[in-house]
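1. build me a model:
(one chain, ligands or ions: 2)
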Amino acid sequence: MIELSNVRKEFIAEDGRAHVALDGVNLRVEPGELHALIGTSGCGKTTTLRLVNRLEAPTSGVVKVGGADVRDVDPIRLRRGIGYVIQTGGLFPHWSVARNVGVLCELEEKPKDFVEARVRELLTLVGMPPDDFARRMPRELSGGQRQRVGIARALALDPAHLLLDEPFGALDPITRADLIDELRPMLDELGKTVLLVTHDLREAFALGHRVTLMDRGRVVQTGVERDFLEEPAAPFVARFVSGLGGSIR
Ligand SMILES: Nc1ncnc2c1ncn2[C@@H]1O[C@H](COP(=O)(O)OP(=O)(O)OP(=O)(O)O)[C@@H](O)[C@H]1O
Ligand SMILES: [Mg+2]
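-> Ligands and ions are numbered 1, 2, ... in the order given. The predicted model follows:
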């Protein structure tokens, strides 16, 4: 489970002025839930993820992962239990696909045979046959393939929690739709607790069991597609949803 209670996050700019990135955020991702976090650019989505794995600390409020306040958990141990795919993919460009996927296992000093087998298993899981892809370099992959490698790497230590920051951001709509179709059943089957950031409402509804919509550092509404369509919590929700035209169905 991932839980944010009344979280506020201020960044202090160089001129000393505080910028409020998150303001009173309450968010709960149930065990095994795929929760989509959506909102306009700059509304605080990435900041929310970074608070979950302690890359940032809240100014006030509490962040819990698996029931424990993240402040009470050693950050290295905490992050072992949380797979994180950052917004830009974040593969090491000079390492092969296999090494990128296996790096967390290597850091854990797992035996070489184990790492090799795990890498093959993970690449197969994300639809990239290891015989074709393991030895390639990231530059020899398409954008969608790179995203899959990022996801495979995040799954390496079998974390209970996954944070995915716009994992399909750079992809064309068709590749995106294909990846979403593949990813949803895979994540459901793995039973991970997933917080996934997107700014595409269609993607949020297609992937998320539930969706949270944010605006300027605040949660505006959490629910399923019907809640957003039939009972928008604020004019902003209606505007956001209507921006889709009829195309979400
Ligand atoms: N390290 C930082 N220092 C100062 N301000 C920051 C920092 N990180 C984020 N911010 C500000 O906090 C706000 C939220 O940023 P965040 O990256 O969480 O947005 P986002 O919702 O992920 O946006 P996008 O969809 O563009 O990725 C923005 O106004 C941003 O400028
Ligand atoms: Mg972001």
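2. whichever residue of the chain sits closest to ligand 2 sits in which helix or strand?
-> Per C-beta to the ion, Thr46 is where the chain lies closest to ligand 2, at 3.2 Å. C-betas here are computed from N, CA, C, even on glycine. Secondary structure assignment for Thr46, by DSSP states H and E: helix 45-52.
3. what's the next secondary structure element after that helix?
-> strand 60-65.
4. number of nearby residues for the residue lying closest to Arg136 once chain neighbours are set aside?
-> The shortest distance from Arg136 to any non-neighbouring residue, by C-beta to C-beta, 6 or more residues apart in numbering, is to Val97 (5.2 Å). Per other C-beta atoms under 10 Å, the neighbour tally for Val97 reads 27.
5. any weak-confidence spans in this protein?
-> For the chain, the stretches with pLDDT under 70 are 170, 244-249.
6. other SSEs contacting the helix holding Thr46?
-> strand 2-12, strand 18-29, strand 34-39, strand 60-65, strand 161-165, strand 193-198 (3 or more C-beta pairs under 8 Å, 6 or more residues apart in numbering; DSSP states H and E).
7. need those strands in TSV with distance to ligand 1 and mean neighbour count, can you?
-> Converted to TSV, these look like this (distance: least, C-beta to the nearest ligand atom, whole Å; neighbours: other C-beta atoms under 10 Å):
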stretch	distance to ligand 1	mean neighbour count
strand 2-12	3	18
strand 18-29	3	18
strand 34-39	6	24
strand 60-65	14	17
strand 161-165	7	24
strand 193-198	7	25
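8. got those as CSV, with distance to Leu107 columns?
-> Listed next are these as CSV, based on distance: least, C-beta to C-beta, whole Å:
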stretch, distance to Leu107
strand 2-12, 23
strand 18-29, 26
strand 34-39, 27
strand 60-65, 20
strand 161-165, 18
strand 193-198, 23
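9. could you check how far the residue nearest to Arg136 is from Leu155?
-> 14 Å (C-beta to C-beta, to the nearest Å).
10. who's the nearest residue to Gly61 once chain neighbours are set aside bridged to?
-> Distance criterion C-beta to C-beta, 6+ apart; nearest residue to Gly61, sequence neighbours excluded, is Val7 at 3.5 Å. Following DSSP bridges, Val7 is listed with bridge partners Val25.
11. what about Arg118, neighbour count?
-> 20.
12. now it. Its backbone dihedrals?
-> With angles defined as degrees, to the nearest 10, Arg118 sits at phi -60, psi -40.
13. what helix or strand is the closest residue to it other than its chain neighbours on?
-> What sits nearest to Arg118 in space, not counting adjacent residues and going by C-beta to C-beta, 6+ apart, is Cys105, at 5.7 Å. Using DSSP H and E, Cys105 falls within helix 97-107.
14. same for that helix, what does it pack against?
-> Against helix 97-107 (3+ C-beta pairs under 8 Å, 6+ apart) you get helix 112-125, helix 143-154.
15. who in this structure is up against ligand 2?
-> Lys45, Thr46 (C-beta under 5 Å from the ion).
16. how does the chain divide into domains?
-> By the assignment in automatic domain parsing, the chain contains the domains 1-81+161-249, 88-158.
17. now Thr47: closest residue in space, sequence neighbours ignored.
-> Per C-beta to C-beta, 6+ apart, closest to Thr47 is Ala21, 4.7 Å.
18. can you check Val241 too?
-> Phe228 is the one closest to Val241 (C-beta to C-beta, 6+ apart), at 5.4 Å.
19. tell me if I'm right that that neighbour and Val237 touch.
-> Yes - with contacts counted by C-beta atoms under 8 Å, Phe228 reaches Val237, the gap being 6.0 Å.
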